[in-house]
Every structure is written in structure tokens, then in C-alpha cells.
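# Sequence first, then the predicted structure, then my questions.
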Amino acid sequence: MRTPKTSISSVRSSRSSSEEKSTSRAGDLEEQRQYSSSPTTSFTDVQEDNEDGPADQQAQAQFKTPAVSVPVRKSTRIEQTQRPTLSQQYTSTKDRRKSSSNSYTKPPPKSTSAGTDQLDLRSLDVGAKRPYLCFADREYTKRALGAISGGQREELIGHVLHVDFSPKELEFVGTILRSMVFDTQKEEPITSAAQITALICDHKLQIPQICSKIKAAARGPPGTDPGQQAFRRRDNDSIYSFLQDALAGRLQSQPQVLRVESRHKHRLPAPPQISTLLRGRETWGLAPPRASQGLHPFQEEFCNYLEDTLTRKSEWTDCCGDISAISWTSDDAFICGATAHSDFHNMQYNKPGNLGVGSCNLDTLRSVPDHRILRPVIGSAENNENSLEAMRQTQDPWLYTSVVSTSHSEFSGFTFTASFDQKVKVWQVSSHGSSINLVGTWEHDGKVNFVVTSKWHEKVATASDVCKNAIRIYDINRADVCGSSYKTYSGDRAQEQAMELERQDTWAYYPATIAWGIAPGVRNIVLVGYSPRSVSGHEMDIPEEKRNSGELCLWDTDGERIRISSAHLQNVFEVAWHQTQPMFIAATSPCGAHEPSVTKTQVRLFTQNEFGAFLQVKSLDCGASDINELTIMPNGSVHCYVTASCTDGNTYVWDTAQGDRPIHTLGHGGTNKYACLTYSLR
């Protein structure tokens, strides 16, 4: 959505900064600045020096104690829910607010605002900010909207300017007010505006004190009280304006929502609901008869409905780099990892924000200061700029490393993160995402690129950039997570190269993808794909004849190697398991009979035979040079849909019942060359 040219986000934005502002209001503004957020606000964390010294001892220190606390990082909400700002031509209402803040008069008759809608929380974005304008400000806002030009008004259509307090919020306020007047013996809840007004006026409660109490209760430990959760979406000005209206007896008897609407009398028809679509499908069918009625096909309308209901709820910015991994740890909390500038030539741009824990309920993303090493000393031959003493003195002593893989185990409840600091960290994340504790660290011999879990057992698989024994499968020891036992595995080609001690190759076979089995019978099997990779990062180091080579490997948790009968020695990009069948797909370099100018990669389907071995049953041709993501979905007892999202900006769709050529090529624009978008076809 475009930013409005004429901002009307707050009536109070035109008010001059008066010296008569009370201490409590100044404290409110200071708290707003503390929790403010914008795309230019740094994603920061709390830097606490570890008394144990080196980074290697950090895990030992944190094993017995919770992870360091990190500050709240507020989200930038979607613009549609932000309050617009009135033009400077309207007078300030601050003096009017000040004069009425401590006057206790008989409340005047209640009035209602014309042109507003009845409060329907389903029409508002879930989790969106809910602004509240005092009665006088609402009247000024309506007049301001009537004075602006039609073009400016069109840009503001749909903006929510005011949302009255819901009954649950009134009940929450009533509970706070009763605690202030020591009237907690009554059991019936306060759910009406008249009760709120009477309680404030009868006991002559001070508005600043009420504000402080409400904010402290709303921002306390998260709970299940819907009123507390709703108040997290109210800012300080909204609470203050609500209490001013309550004191003046201006609260609406029927809660309403004030939003900017078009001046045109004829509104666009509302989109059809799911019930309407289903009823139409039963009446007219899926396609041809509906076309004769001037209606779109059912599937098209249903897909449009689903897409229209997807809205952005929260946004966080200023991590240390691109988000490389994200995992849900509960229905409300998630953990994410980001890439960091840690090479010799760009480490001056390194900053915190490589690991974050988020909460949808609290609307926060917290930076966790971990997966970091002591900043190395750089020689002038490696990078002259970063080798300067002045440069080192101005930089953080810690160098934050990229967190490239995250995973949460529903079976054990632990969350795992893998990083280029050659470590896998084991975490305990609270259900609300308000805290995260480090419970263990697993050291590796190289950069750790993958950590994967299964919802069927506690075993955890990791893959690192080493030639020999790159795969580990851990059995978690809850009494001593750091000392959990593990078994190592290695592919044949990687093992052979590592055994030749005299070779000093500049490239090696490293794990490129890893996944646990999903269907019954293969849940204890881990699938690994190897690819040739340059040690220095220069692809020219890999010999031409080796660039399309690699290996597919299967192991069960008992350590037994499972045989793949054919087509398992190509360069592997990605793998995915079938949801219900002992079958997997693998994106590899092409082999066999194919046309090189047309087929640059292939997606192979493997299934398990009666002897337990896997064999290739089909090969699907793809015109992209690299494949980032695969999905597979059955469309019958034998055949299935397969999608591959590629670096050429396209997602290719196959139906295995219709041959080896894609049935659809779904483009995502020329600039979206690294999208990993997948489609679920039902």
C-alpha cells in the first residue's frame, strides 16, 4: 500500500509542545521512544560481557543459567491500521484536555458519531494496532476529511482512524479500576461504558495513575486474558484519550469503528464468503454452467478469496542480513536465523541480529546475542582495511556468525540452531516467545549448514562442511545435553577423497541437503545429498568433469547403509520425502538420454522395493540450472504432482501421469531469481 500524501495519523500531531506537560505524560512519551520502531531503527540486543572470557567458555556459563535478556523489538504494523494526521489548520485540543483532566462534573448525555460502523472485530486485522481518538478529536477528524481533496481522500480509503474499546477491554479496565479502589469483592464483571464512567467519577481517580496501572498490567507476563491481549494493541495516547472520554461521559454505548470511506454512494460488492462459494458450487458445478451465468469458475473464485484474505500482520527490520532460516516453536513463537558479514573483506559491517526469537502475541522480535566468536586479528595481506589497529578498536570485540539452519522438535520440545561458528545450539523457548534459554552446545569440526529434527522421535541430524564424517545423528541426553552421544556417517565419494591424505584438493564433496523420512516405515531413515564445493568459494576450483558429480546416501538410525540401486552419483541440489509413501524425490544434475540445451537439471523419483532398497522409477526434465526447493503431493494411488522452485525465477509443475515435461511454468518476475516459492496443489 502506498503511503498517503496527506497524513492524518493523529489529531494531536498538530499540537504544540507545551511546557505544562505533566511528569506522567513525559514518562509516557519516553516509554514510547523506548519501544518505538521504524525501518531505520537498529535491530539491537543487550551486550553483556562474559566473565569467563573466551567464546568457547560461553556455552558452559549459559548451560546452568538462562540466556541473557534481550530488549523488545516492536514491529512495524501494516499502514492500513495507522492513525492519519490532521492538517495544521485545526486548533490544538491539548488545553481542552488539560482543563478537563481533574474536573469531576455530572456526565452529559451520551452521544454517538454518525457515519461509523458498529464494532466488528472480525473486520479488523488480527493483531493490528487499534487507535482511539477522543470525542472532540473524532469530530475534528471528520471535518478534516471533508475538507481534503478527492484525490487525497482516495489514498486514505480503508484507513482505520478509531476503534472503540470492546467489552473484553472494558472488563479489563474495570478490573484495574476496582483494584485501585479496593473493590475486588464483587464478582460481576464491568462490561459497560456507564460502569467505567461511574467508577472513575465516584472515586475521583486520577487519569495518569490509571494509565500507569493499565500499562503495567497490559505489558506484564503474557496470559490468556483476551482483554490483556487486546490492550497490547493500544498505544499510550489511545488509553489516555479513552479515559478522558470516560471522565467526560463521552464513551459510546454501542462500540463503533471509524474508517475512511469513499464519497461515492455506490460501493464495490463485497467478496463472496466461503459458504456462498460452496453453495454456488453445489448449485452450478465447477466450470461450464457457471460460465453461462456470467460467473467465474469455482476454483478461480476460491483461490482469489484465499489470496485476498492473506494480509501482512507484522514486520521486523534491521537484522544483520538476509533471513536464512525460520522455525515455529509453538503456535505463537518462532525462531529465525540470518546471514552475517564475517569474511575478512567485509567483517567491518558485522553486527548483532543473526539470531532472533519472535512472539506473535507479544508482537516482538528479540535479538539473541549468541553464535558469535572473538573477532579475529586480520593480517594486511588478507585485508588491509580490516587489519588496521584503528579499525579493530572501533569494532565490536565479538564477530557474529551466520545462523543458516533452525529446527524445532515437537517430540522433545527443544529448538536447534546451526551456525558457521562450527556449533549447534540447543534451546528451550517459552510457549509465548517471551524467553529463550540455552541448554546445550554441540561442537563440530567445520561450519554447520544443517540441523534437522523429526516429529516421530528425538534424534537430531546435523551436517557440516567436512570431507569425512560430515553427518552426525544425536541421541539427546536430557540430563546432559552437551554430552549427548552421536554416530557419524560419510558418503563413499567424500570418504574416498578424505582417505587420500596426500591430495591437497581445493574442492570436496560436502552435504548439500538432508531430510528425515516422513511416511511409516522410513521415519528412521535420513536422506543426504552431496555436491562438489570449492574450499575457497571459487567454483572454478572444481574440475569441469566433477561439477555434475555427487552422491545420494541413505542411512537408518541403527547405522546401516540403505542401498540406492541407480542414478545416485549426480550433483544433488535438494531432496523431499513423500508424505504417505516410502518414496522421495531428488533434484540432481542431468544424466542419461537428454538434450543438454533443453534439460539442465532433473527431478528423480525413487521408491522402495520389497527388499528395502530404493530404485529410480521416473525422471522429470527441468530447464533451470539450479533448483532451490521441491514439493511432492499425491494425486492418486500411483501418480503425484511435483513442483521445483528454481533460481531462474520460475516454479515448474509436473504431473507424473502426463510424462516428464512440466505441465505449468509459473513465473515470479525477472528480479526474483532466488525465490524458493512452492505451490501446494489440491
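Cool, got the structure. Numbers count the residues shown, from 1 in each chain.
# Is Ala338 in contact with Cys320, as I believe?
Yes: counting by Cβ atoms under 8 Å, Cys320 is a contact partner of Ala338 at 5.3 Å. Using the backbone N, CA and C atoms, a C-beta is placed for each residue, glycine as well.
# any shared contact partners between those two?
Overlap between the neighbourhoods of Ala338 and Cys320 consists of 353-354, taking contacts as Cβ atoms under 8 Å, 6 or more residues apart in numbering.
# Could you check how far Tyr489 is from Ile562?
11 Å (Cβ to Cβ, to the nearest Å).
# Looking at the two, which is more packed in?
Set Tyr489 next to Ile562 and count neighbours by other Cβ atoms under 10 Å: Tyr489 wins out with 19 against 16.
# Return the set of residues that bridge with that one.
For Tyr489, the beta-bridge partners under DSSP bridges are Ile471.
# Mind pulling the model confidence for it?
pLDDT, Tyr489: 94.
# go on, Thr401?
What the model reports as pLDDT for Thr401 is 96.
# what's near enough to touch it?
By Cβ under 8 Å, 6+ apart, the contact set of Thr401 is 340, 342, 354, 371-373, 419-421.
# In the chain, where is pLDDT below threshold?
Across the chain, the ranges flagged by pLDDT under 70 are 1-128, 182-187, 221-224, 262-272, 284-295, 382-385, 500-504, 669-682.
# before we move on, the earlier item: looking at the contacts of Thr401, spot the one nearest Thr283.
Nearest to Thr283 among these: Asn354, at 54.8 Å, using Cβ to Cβ.
# Can you report how many residues lie near Ala498?
Ala498 has 17 neighbouring residues, counting by other Cβ under 10 Å.
# What lies in contact with stretch 190-201?
By Cβ under 8 Å, 6+ apart, stretch 190-201 touches 104, 107, 110, 165, 167, 170-171, 173-175, 177-178, 181, 205, 210, 243, 246-247, 249, 251-253.
# Quick one, which of those residues are buried?
Buried members of these, counted by 16 or more other Cβ atoms under 10 Å: 107, 165, 167, 170-171, 173-175, 177-178, 205, 210, 243, 246-247, 249, 251-252.
# Sort out for me which of those are in helices.
For the buried ones among the contacts of stretch 190-201, membership in helices holds for 167, 170-171, 173-175, 177-178, 210, 243, 246-247, with DSSP state H as the criterion.
# Show me which of those is closest to Lys313.
Where those are concerned, and distances follow Cβ to Cβ, Lys313 has its nearest neighbour in Pro167, at 23.3 Å.
# Distance of that closest one relative to Gln195?
Distance from Pro167 to Gln195, counting by Cβ to Cβ: 11 Å.
# same thing with Ile373?
59 Å.
# do Gln244 as well
Per Cβ to Cβ, Gln244 is found 17 Å from Gln195.
# what about these two, which has more around it?
The residue with more neighbours, out of Gln244 and Gln195, is Gln244; 21 against 18, by other Cβ under 10 Å.
# can you list contacts of stretch 474-491?
Under Cβ under 8 Å, 6+ apart, the answer for stretch 474-491 is 59, 63, 412, 414, 426, 439-442, 458-462, 467-473, 498, 509, 528, 530, 551, 553, 555, 559.
# Produce a ChimeraX select command limited to the buried residues of those residues.
Restricted to the buried members of those, where burial is judged by 16+ other Cβ under 10 Å, the ChimeraX selection command reads as follows:
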select :59,63,412,414,426,439,440,441,442,458,459,460,461,462,467,470,471,472,473,498,509,528,530,551,553,555
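# do you know how far His457 is from Asp332?
Spatial separation of His457 from Asp332 under the definition Cβ to Cβ is 25 Å.
# That should have said Thr580, apologies.
Using Cβ to Cβ, one obtains 29 Å as the distance from Thr580 to Asp332.
# Quick check on these two: which one has the bigger neighbour count.
Neighbour totals were compared for Thr580 and Asp332, and Asp332 leads with 17 against 10 (other Cβ under 10 Å).
# can I assume the more buried one is in contact with Ser430?
No: contact criterion Cβ under 8 Å: Asp332 and Ser430 do not qualify, at 9.4 Å.
# residues contacting the closest residue to Pro596 other than its chain neighbours?
With sequence-adjacent residues excluded and distances taken as Cβ to Cβ, 6 or more residues apart in numbering, Pro596 is closest to Pro590, at 7.5 Å. Applying Cβ under 8 Å, 6+ apart, we find Pro590 in contact with 548, 570, 596, 599-602, 621.
# I'd guess Pro590 is in a strand, am I close?
No: remark: Pro590 does not belong to a strand; assigned using DSSP: H, G, I helix; E, B strand; the rest coil, it is coil.
# Quick check: the gap between it and His568.
14 Å.
# same check, this time on His457
On the measure of Cβ to Cβ, His457 and His568 end up 25 Å apart.
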